[in-house]
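Student: what would the 3D arrangement of this be:
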Amino acid sequence: MASYENNWTTGEIVTLPRKSSKFKSSGLKTYEYIVGSRYICIREANGSECGILLKVLGKAPREHIMIANGEPFCKDDKNEGFANDSYFGYRFPTTEEVKLILGILRHSPELVETFEQAKMHINPNSSYWVRETVRDVLLKKKPQIYDSRTDALIAVSNDSDIHYRLSIVYFTRSKLDW
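Tutor: Below you'll find the predicted structure:
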């Protein structure tokens with residue numbers, strides 16, 4: 001989405017400038033995906049693969065998640081304007097992305113330690129909010145989690161259960177994508 005000289009190495013803490021991408025406008029409300037702040041490089045970019053930056057956003061309960069444009073969305077930031085309000089949130093990863101991330105972390109205990117030192121606790125054997133949704137009896141979309149212990153997608157029914165939220169940014173030498 002922006003042009004940089006991305007040359008990050010595995011385990012490096014990266015501070016990205018704040019960027020946003022609008023994905024929904026509804027009357028007086030606008031919703032945008034954001035990236036920014038501190039990420040950790042968990043895979044370097046090479047000729048055939050893009051690199052991966054990961055940010056652990058902590059744990060969040062179901063009650064903090066809404067559905068916007070068919071996807072789960074958390075209001076991480078808000079900009080109140082005269083004509084409208086803009087809500088900003090980190091995009092949820094897909095189940096496949098979470099599985100890829102957890103595979104990398106399980107094979108690199110030193111990376112998990114890097115996250116601990118950066119005050120971004122992560123447990124590869126836990127549950128994670130994902131982008132996929134499921135319809136309930138009333139045909140309303142509900143967010144799901146990926147439970148890494150059982151390798152299953154689960155529709156969350158209890159609003160107070162908490163699960164990890166992640167933000168993933170892919171990079172090549174010339175661009176960032178989220």
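Student: please enumerate the strands of this protein.
Tutor: Remark: strands assigned in the chain by DSSP state E are 13-26, 29-43, 51-61, 65-68, 71-74, 77-80, 85-89, 127-135, 141-147, 152-155, 162-171, 176-177.
Student: buried residues in the fourth one?
Tutor: Going back to what we said before, that points to strand 65-68. Ile65, Ala68 (16 or more other Cβ atoms under 10 Å). C-beta: built from backbone N, CA, C; applies to glycine.
Student: same check on stretch 52-61?
Tutor: Neighbour-count burial for stretch 52-61, counted by 16+ other Cβ under 10 Å, picks out Ile52, Leu53, Leu54, Lys55, Val56, Leu57, Lys59.
Student: closest one of those residues to Gly27?
Tutor: Leu57 (27.6 Å; Cβ to Cβ).
Student: so who does that closest one touch?
Tutor: Asp76, Tyr90, Tyr164, Arg165, Leu166, Ser167 (Cβ atoms under 8 Å, 6 or more residues apart in numbering).
Student: need these in CSV with distance to Ile101 and neighbour count, can you?
Tutor: As requested, the contacts of Leu57 are exported to CSV (distance: Cβ to Cβ, whole Å; neighbours: other Cβ atoms under 10 Å):
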residue, distance to Ile101, neighbour count
Asp76, 19, 16
Tyr90, 14, 22
Tyr164, 10, 21
Arg165, 12, 23
Leu166, 7, 22
Ser167, 11, 23
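Student: thanks a lot, catch you later.
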